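>>> Give me a 3D structure for the following:
(one chain, ligands or ions: 1)
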Amino acid sequence: MGLRFSKMHGAGNDFVVIDLRRGGPAPTPALAAAIGNRHTGVGFDQLLTIETPEHGDAIARYRIWNSDGSLAQQCGNGARCVAAWLVRDGATASARFALESPAGRVEVENIGDGRYSLALGVPEFAPKRIPLRMDFEKPEYGAEIGGRELRFGAASMGNPHALIEVADVAKADVAGIGAALQASDLFPQGVNVGFVQVLHRDEIRLRVFERGAGETLACGSGASAAVAILIRQKRVDRLVQVHLPGGSLAIAWPRDDAPVRMAGPAAFVFEGEWSA
Ligand SMILES: N[C@@H](CCC[C@H](N)C(=O)O)C(=O)O
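A predicted model of the protein is given here:
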């Protein structure tokens, strides 16, 4: 008997979801990377394992692996897919429930039509909390990266994010600049690099070069970090539609001390069994 999995996506950010609540070992980094290979495996941006919660009233906890086999602390689109998977499995009949993520408790609301709204946590901006090697917190930082002068904002949503504003996301050198910033020693735990085009105070376009996965069609924590950084820079309002290559997410950050809320889709693609 192989390892049963569900293939899912949230706004095009794709996942392999494995239920480990009845036991079985968590995947090693090498197994995660093998399943994640788009040519010789199943292919995913992140692998999500559903596990028994450790405390409180959460219905399950989950862990997150990037496609290169590295562990991650936060995954906004993945949290919606875990929620949808548990609802389909009958783990709860309630429209409101909680999950345990590596970054802490996630409050979820099933808003119907395959869409979920959830509270992803309070963003942090202090450099040592991101972590970012800068002496002082600023709305925007400057650094020379790969011979280019870059200006970027930074925040943690439980995982590290940098945000670079561009005139047109379609023309941004997402892979080149994203990889160069990841390779710099500014972010000791690596970084997810967002490229944002502000359309209006309530609407932005975003592309994200993710840590451990490369450019993805959507990044929920990246969308949350982008809106939080732009709110701190007074560039956008408290509720913003974020258009990513794979779909749109609604991001709300009602107050500085409140968690960021994200609403978006979660979809099932197919069921499979990994026997390699
Ligand atoms: N796609 C995710 C983020 C996944 C983790 C990230 N690559 C990291 O290493 O921090 C999302 O929707 O938030």
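>>> quick one: the helices in the stretch 101-250 of the chain?
Secondary structure of the stretch 101-250 of the chain (DSSP state H, counting those that start in this stretch): helices located at 174-183, 220-232.
>>> Identify all contacting residues around stretch 31-48.
Contact partners of stretch 31-48, identified using C-beta atoms under 8 Å, 6 or more residues apart in numbering, comprise 5, 7, 13-18, 27, 62-69, 72, 75, 78, 81-82, 210, 213, 216, 272, 274, 276. (Glycine included, C-beta is placed from N, CA and C.)
>>> mind putting the helices of the stretch 101-250 of the chain in CSV, distance to Arg201, mean pLDDT and mean neighbour count included?
Output for these, formatted as CSV (distance: least, C-beta to C-beta, whole Å; pLDDT from 0 to 100; neighbours: other C-beta atoms under 10 Å):
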stretch, distance to Arg201, mean pLDDT, mean neighbour count
helix 174-183, 24, 97, 18
helix 220-232, 9, 98, 28
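>>> and of the ones you listed, who's closest to the ligand?
For the helices of the stretch 101-250 of the chain, proximity to the ligand was assessed by C-beta to the nearest ligand atom; helix 220-232 is nearest, at 3.2 Å.
>>> Of all the helices of the stretch 101-250 of the chain, which one comes closest to Arg96?
Minimum separation from Arg96 across those (C-beta to C-beta) falls at helix 220-232, 18.9 Å.
>>> Alpha carbons of the closest one, as PDB, please.
The C-alpha coordinates for helix 220-232 follow below in PDB (Å, rounded to 0.1, in the frame of the first residue of the first chain):
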ATOM      1  CA  GLY A 220      -1.100  33.800   0.500                       C
ATOM      2  CA  SER A 221       1.400  34.800   3.100                       C
ATOM      3  CA  GLY A 222       3.100  36.900   0.400                       C
ATOM      4  CA  ALA A 223      -0.100  38.700  -0.400                       C
ATOM      5  CA  SER A 224      -0.700  39.300   3.300                       C
ATOM      6  CA  ALA A 225       2.800  40.600   3.900                       C
ATOM      7  CA  ALA A 226       2.500  42.800   0.700                       C
ATOM      8  CA  VAL A 227      -0.700  44.500   2.000                       C
ATOM      9  CA  ALA A 228       0.700  44.900   5.500                       C
ATOM     10  CA  ILE A 229       3.900  46.500   4.200                       C
ATOM     11  CA  LEU A 230       2.000  48.800   1.800                       C
ATOM     12  CA  ILE A 231      -0.400  49.800   4.700                       C
ATOM     13  CA  ARG A 232       2.600  50.700   6.800                       C
END
